[in-house]
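*Asks:* need a structure here:
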Amino acid sequence: MKVLNNLLLFVFLIFAIGNVVNSTSQSWINQDVQRSIDITTHLSKESISIKAKSLIDKNDIYQISFDSKYHVSIQALDSQNNELKVYLSPNSINIKEGFKTYNIELKNKVKKDEIVQLKVKVTSMIEQMKPYPSEIKQGQTQLVLYLNNHYFTSPYKTETQKTTVKLASSKVESYSEEQPTSLKGSTITYGPYSAIEAFSVSPMRIHYENGSPFFVLTNLLKEYEVSHWGNLAVETHYELENKGAHLVGAFSRLDYQRNPGANPNQIAEVNEAVPLSATDFYYRDSIGNISTSSYQYLANRINFKIQPRFPLMGGWKNTFYTGYNLPIEKFLSVDTVTGQYHLNVTFGVGIDNVYVENHTLKVVLPEGATDIKVHAPFTFTQSEETRKTYLDTVGRPVVVINIKDTASENYRYIQVTYNLSSLSIFHEPLLVIGAVFTLCIFIILYSRFDLSISKSKQI
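*Replies:* Below you'll find the predicted structure:
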């Protein structure tokens, strides 16, 4: 009897999973998909234009799938360039084994047979692009192996599609073919293909020359400290690693200085875009201050050049932190009706072609802040902690936001709202005044008390 019950349960689960897959594939049909893949750097940047027709009424969720081995950063836009909410589907594990399926939430419900146009930007690197061979000597050229799917991975049937791959150079060791396929210079074109079923897979493999350094921040911590006295302090901690082909053999500083261009896959400097109003820059590591940083004023930003103490060859790591100050009035506003404060700051760092594995943002608010809320155009995990600094009594609330696997495309604004009493700004001055007043009273009383045992005799 127990065996029979287990068998019935197994059949029921198979039937339920089949229904999930079936209902997903029958909600949309992709009429046309155009994929443009840029692998000129260490990141795979896909720009996907999708023209899809709804097969059901009141349809407001479009789904997109990726190989579960790949870590991806996704951004979706509608035909009006409005950013759409993207999140991992709650039924992702049941839709198709070996794939992660994400939901794209449309602004409005779509009627049956209505056509929707979407643009999806996908950035990935881990497991999809890797140096091959994995080790090279100083001065050797770095070769990269790129893996993908010739077809657009989708839970829906696709009528027509085409993929264009832009390479870093025209030096191609080998590439897979799924006819029709053509190679012209540094561009490979796959397709057009017709009548592709849902979750169709045809492995794409491209082995080519790519001298770009594999710029990866294994951990990034960016911190904003808010002061209602006029300052917004920004400090960023970097754990940087070059995950390109590892350097084997000794490193020759002489050869490097003679011909720095012989090793294009090394990281010699980091350029970060910061707001024009930034002042009081500093750049330090565990040893102390580093004087090789500089900044340059441009039309709409400041280019903050960070030069490490040594170039980062393949497999090398470095840790450091930078900071600067911003005027608070450009980032903090107050609602005149409700009295609520609105802090608008950027999530991420303004570094091109950067991939962050573990991304953390901390916002240190003034002591006494309540009703704290975070508004962002992406999903994230949030926690809170308390930090005590100078002249604090109960400590300052700290909002902690964490996201895994982000890219430079995540350099977007978020908003933190909170309430704060207008009298709380006088909290610290009153503490100082009270401390000084107490000290003065103590000195006055101490000078008036005679603590001697007996008075000295006068002659």
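
*Asks:* use CA for all of it now, contacts and neighbours both
*Replies:* OK.

*Asks:* doesn't Asn210 make contact with Pro264?
*Replies:* No: Pro264 is beyond contact range of Asn210, at 9.1 Å (criterion: CA atoms under 8 Å).

*Asks:* Sketch out the low-pLDDT regions of the stretch 351-459 of the chain for me.
*Replies:* 424-425, 451-459 (pLDDT under 70).

*Asks:* oh sorry, the question was meant for the chain
*Replies:* For the chain, the stretches flagged by pLDDT under 70 are 1-25, 93-94, 126, 424-425, 451-459.

*Asks:* between Pro264 and Asn210, who's got more neighbours?
*Replies:* Asn210 (25 against 17; other CA atoms under 10 Å).

*Asks:* who touches that one in this structure?
*Replies:* Residues counted as contacts of Asn210 (CA atoms under 8 Å, 6 or more residues apart in numbering) are 40-42, 142-144, 167-169.

*Asks:* 10 Å instead?
*Replies:* Contacts for Asn210 (CA atoms under 10 Å, 6 or more residues apart in numbering) come out as 39-42, 131, 141-145, 167-172, 244, 264-265.

*Asks:* Select only the buried ones of those residues in PyMOL?
*Replies:* A single PyMOL command selects the buried members of those (16 or more other CA atoms under 10 Å):
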select buried, resi 39+40+41+42+131+141+142+143+144+145+167+168+170+172+244+264+265
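
*Asks:* Mind checking which of the contacts of Asn210 land in strands?
*Replies:* 39, 131, 143-145, 167, 172 (DSSP state E).

*Asks:* Put together CSV for these, with distance to Gly434 on each row.
*Replies:* Output for the ones in strands among the contacts of Asn210, formatted as CSV (distance: CA to CA, whole Å):
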residue, distance to Gly434
Ile39, 63
Pro131, 64
Leu143, 67
Val144, 66
Leu145, 67
Leu167, 67
Val172, 74
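
*Asks:* Name the nearest residue to Thr218, sequence neighbours excluded.
*Replies:* Distances taken as CA to CA, 6 or more residues apart in numbering place Glu357 nearest to Thr218, at 5.0 Å, with adjacent residues excluded.

*Asks:* In terms of helices and strands, where is that neighbour?
*Replies:* According to DSSP states H and E, Glu357 maps onto strand 355-364.

*Asks:* ok, that strand: who's next to it in the sheet?
*Replies:* Partners of strand 355-364 in the sheet, by DSSP bridges, are strand 215-227 (parallel), strand 396-407 (antiparallel).

*Asks:* Return the list of helices and strands in contact with whichever helix or strand comes after that strand.
*Replies:* Counting by DSSP H and E, the next helix or strand C-terminal to strand 355-364 is strand 370-375. Contacts defined by 3 or more CA pairs under 10 Å, 6 or more residues apart in numbering; DSSP states H and E place strand 370-375 against strand 341-347, strand 381-387, strand 396-407, strand 412-419.

*Asks:* so which of those strands gets nearest Ile50?
*Replies:* Smallest distance to Ile50 across those (CA to CA): 22.1 Å, for strand 396-407.

*Asks:* What count of nearby residues applies to the closest residue to Lys404 other than its chain neighbours?
*Replies:* Distance criterion CA to CA, 6+ apart; nearest residue to Lys404, sequence neighbours excluded, is Asn358 at 4.8 Å. Neighbours of Asn358 under the rule other CA under 10 Å: 16.

*Asks:* hmm, back to that, am I right that the residue nearest to Thr218 is in contact with Leu220?
*Replies:* Yes: shown here, Glu357 and Leu220 form a contact pair, counting by CA atoms under 10 Å, at 8.1 Å.
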